[in-house]
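1. sequence and predicted structure, then a few things I'm wondering about:
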Amino acid sequence: MACRLISNKLHALFVASSFLFLHGCASLDTLMSAADIREPSVNLAGTEVSALSFDGAELTMLLNIDNPNALPIKLAGFDYAVNVNGKPFTQGEQHSGVDIDARASSQVKVPVAFKFSELANLFDGKENRDELAYSIDTNVRVDLPILGIVSIPATHNNRIPIPAMPSIQVSDVNINSLGFSGADLTVVIAVENPNTFGIDLTRLDYNLLVNGTSWAAIKSTDVLKLPEKGKTQINIPVQLSFADMGQALFQALTQGKAMAYKLNGDMTVDTTLPLFKNVQIPLVHVGAFEAR
């Protein structure tokens, strides 16, 4: 039965070939009907975010090709164009062929990587910079019997978040007590999550230097939860000895002089996004404050 079916299909191809030779102006639909050849269906099933970081992302396009014919066909290649916020961003092309069995389907995965810094000129100030609206246009080239290369278009639209670094800085230094031998202070560290997704600060390891002198070395594994667009603060008690740090510190504290600080270390964060977990972030922040 299978041999008879293949023989019938080959006969149909021979008839269609003869028809094409004798009637060069025949329509594509007529030829496909004569040979019982149906156009494959191509569906850009979507995109997966296969990698995400504060620097950039990698998308994986999922192309589904369904062959409804009784003979195998070949995916001859495809090209694609990625648009961001309605503006052209990048494009590419692949020529490697993929064989698709008779009455079978095949899926092709295409990675597209980019850095968020490359998108700066695609924002004109009006768009929401918390997420990225993109579209992918593809043209899939399929090699069909008799007909040759046929191009089939497909389009997919979606959005992904644009992660932003959480900020950590000294927001205040409060003098609890001040004597001739030393001072008892509370350093207030402000932590802000600028993202539209939640962040858990799972580890914080840093050194606080003021005017070049170490005031506090902190290693914390207490989980600090930051909701989307949320803020919180960390209060750090600090005991200072003027005998060790000198009278310059005493004068700066008593006279309200500005002092330079540096936060130096690293932190680990988890997010509510499935692909954005256990992210290591270097921490370097400099600024100035006045104790009060």
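-> Happy to help now that I have it.
2. what secondary structure does Leu253 sit in?
-> Using DSSP: H, G, I helix; E, B strand; the rest coil, the structure places Leu253 in helix.
3. check contacts around it.
-> The contact partners of Leu253, by C-beta atoms under 8 Å, 6 or more residues apart in numbering, come to Ile175, Leu178, Ala183, Ala291. Every C-beta, even on glycine, is put in place using the N, C-alpha and C of the backbone.
4. can you give me the helices in the stretch 151-292 of the chain?
-> Using DSSP state H, counting those that start in this stretch, the helices found in the stretch 151-292 of the chain span residues 242-245, 247-254.
5. CA atoms only for the first one - export them in PDB, please.
-> Right, helix 242-245. C-alpha atoms of helix 242-245 as PDB (Å, rounded to 0.1, in the frame of the first residue of the first chain):
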ATOM      1  CA  PHE A 242      39.300  59.300  68.400                       C
ATOM      2  CA  ALA A 243      42.500  57.800  69.800                       C
ATOM      3  CA  ASP A 244      42.700  55.500  66.900                       C
ATOM      4  CA  MET A 245      41.300  57.800  64.200                       C
END
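6. tell me the most buried of the helices of the stretch 151-292 of the chain?
-> Stretch with highest mean neighbour count among the helices of the stretch 151-292 of the chain: helix 247-254 (a mean of 16; mean count of other C-beta atoms under 10 Å).
7. from the contacts of Leu253, which ones fall inside strands?
-> Ile175, Leu178, Ala183 (DSSP state E).
8. hey, C-alpha coordinates of stretch 144-153 in CSV?
-> Taking Å, rounded to 0.1, in the frame of the first residue of the first chain, the C-alpha atoms of stretch 144-153 are listed here in CSV:
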residue,chain,number,x,y,z
LEU,A,144,9.3,22.0,-2.4
PRO,A,145,9.2,19.4,-5.1
ILE,A,146,8.8,20.9,-8.6
LEU,A,147,8.0,24.4,-7.2
GLY,A,148,11.5,25.0,-5.8
ILE,A,149,12.1,27.6,-3.1
VAL,A,150,8.9,29.0,-1.5
SER,A,151,9.2,31.9,1.1
ILE,A,152,6.7,31.9,4.0
PRO,A,153,6.5,34.9,6.4
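9. buried sites along it?
-> Using 16 or more other C-beta atoms under 10 Å as the test for burial, stretch 144-153 gives Leu144, Pro145, Ile146, Leu147, Val150, Ile152.
10. low-confidence ranges, the stretch 1-150 of the chain, go.
-> 1-36, 124-128 (pLDDT under 70).
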